[in-house]
Every structure is written in C-alpha cells, then in structure tokens.
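[1] the following block contains a protein sequence and its predicted model.
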Amino acid sequence: MSNLFHDLETSENSPKEVLMVVENPSGYRGKLEYNKKYGAMILDRVSYSALPYPVEYGFIPRSWNKYDNDPMDIMALSSVSTYPGVIVNVRVLGMLKMEDTGELDHKVFGVPENDPIYNDVNSIEDISSHIIQTIEFYFANYKKLMKNKEVKILGWEGKEETYKFINETLEEYKNKFKK
C-alpha cells in the first residue's frame, strides 16, 4: 500500500507548483487527517462550528513544518469539490500566515493547475477580496468554540516568501525522515 505522505514525489516545478493531498474538501464540516503511520484518513473531529471549509484543504507530501510539527498545510481554491485522498497539482499563489494556540500554523494557498476557471490567476491579488476575507474569516473562527484554542490571522505572504517557506519544509522533511 502506498503512503501519500512519504511515497509521492515532489512536483517537478516545486515550489511554484506543489502536490496537495486533499484531506478536507470544500464544503466539508468534519476534520479529516491523514494518518502517516497507517496511510489512511481518520476523523480527527467533527467541526465545533457550523462553518464548512471554504477551500480544498490538505498537506504537501514530503514536507514538514517544524513550527507545528506536522506536514505543511495547503489550501486550494477550486471550481469543484474533490474527495479525501485526491492528489491535486497546485499553482502556488501565496500563504496565509497564522498562529494557532501559540504555534505558527501557516497555510500555503493556490489554485489547481488544471482548473480552467483559474487559468489567468497568478497571484493573490488576482483573487477576489471577498474570497480572501472568507478564507480569513473561516480560519479566524473555526476553533472559537473549542476550549483553550485561539487562532490569530497574521496576514498574507506573496509568492517569493512562500516559495522559500515551502523549500524549508521540504528540507525539514528530508532531515527529519532521512529521505
């Protein structure tokens, strides 16, 4: 059985394009997480709020965010909702910087490379401000009903800084897992 975290190759065009393993599709209200040991999706929790994911949400294979001790989070604005375990080639546009209960918990942001609706989207500035505000609202509020959880939105980062951060997480993976 293949492991979606360890066995997928890095995209040829990384960090401008990265592979994303979808854990939570747009519109979903649960919190699925890929269990790296078992190679399967598990239900981490049911959402404490009525807010559904506004984007496709998952992780970048073979990445490790040393700040939250987890694979690098990634979200993609897609014209279709996918399914857990689907692999999407994402064109990176930037990154939402945030803090989750004192830990840096940034999220790479992009669009599917093969979604014609977003062919002309090349930066965060090409995304409607309403969509950006919706994403910020979701992440600022999705844990409000949980005890001892506090999320702070720190702003958005452009492509160049995001590319550097992605490269750091890919190197961190190699160091941590010696692959």
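    Happy to help now that I have it. Numbering: from 1, shown residues only.

[2] residue ranges for the strands of the chain, please.
    In the chain, the segments counted as strands under DSSP state E are 17-24, 30-35, 40-46, 56-59, 73-76, 87-100, 103-104, 107-112, 151-157.

[3] these: which one's closest to residue 143?
    In terms of Cβ to Cβ, the element of those nearest to residue 143 is strand 151-157, at 5.5 Å. The way it works is simple: take the backbone N, C-alpha and C, and place the C-beta from them, glycine included.

[4] got the angle for the closest one vs strand 107-112?
    Orientation check (axes from the mean of the first three to the mean of the last three Cα atoms, to 10 degrees): strand 151-157 against strand 107-112 gives 50 degrees.

[5] any buried residues in strand 151-157, and which?
    In terms of neighbour count (16 or more other Cβ atoms under 10 Å), strand 151-157 has its buried residues at 151, 156-157.

[6] can you check stretch 28-41 too?
    So for stretch 28-41, counting by 16+ other Cβ under 10 Å, buried means 28, 31-34, 41.

[7] dump these to JSON lines, plus pLDDT and distance to residue 145.
    Below are those laid out as JSON lines (pLDDT from 0 to 100; distance: Cβ to Cβ, whole Å):
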{"residue": "28", "pLDDT": "93", "distance to residue 145": "17"}
{"residue": "31", "pLDDT": "89", "distance to residue 145": "13"}
{"residue": "32", "pLDDT": "91", "distance to residue 145": "19"}
{"residue": "33", "pLDDT": "93", "distance to residue 145": "19"}
{"residue": "34", "pLDDT": "94", "distance to residue 145": "24"}
{"residue": "41", "pLDDT": "94", "distance to residue 145": "23"}
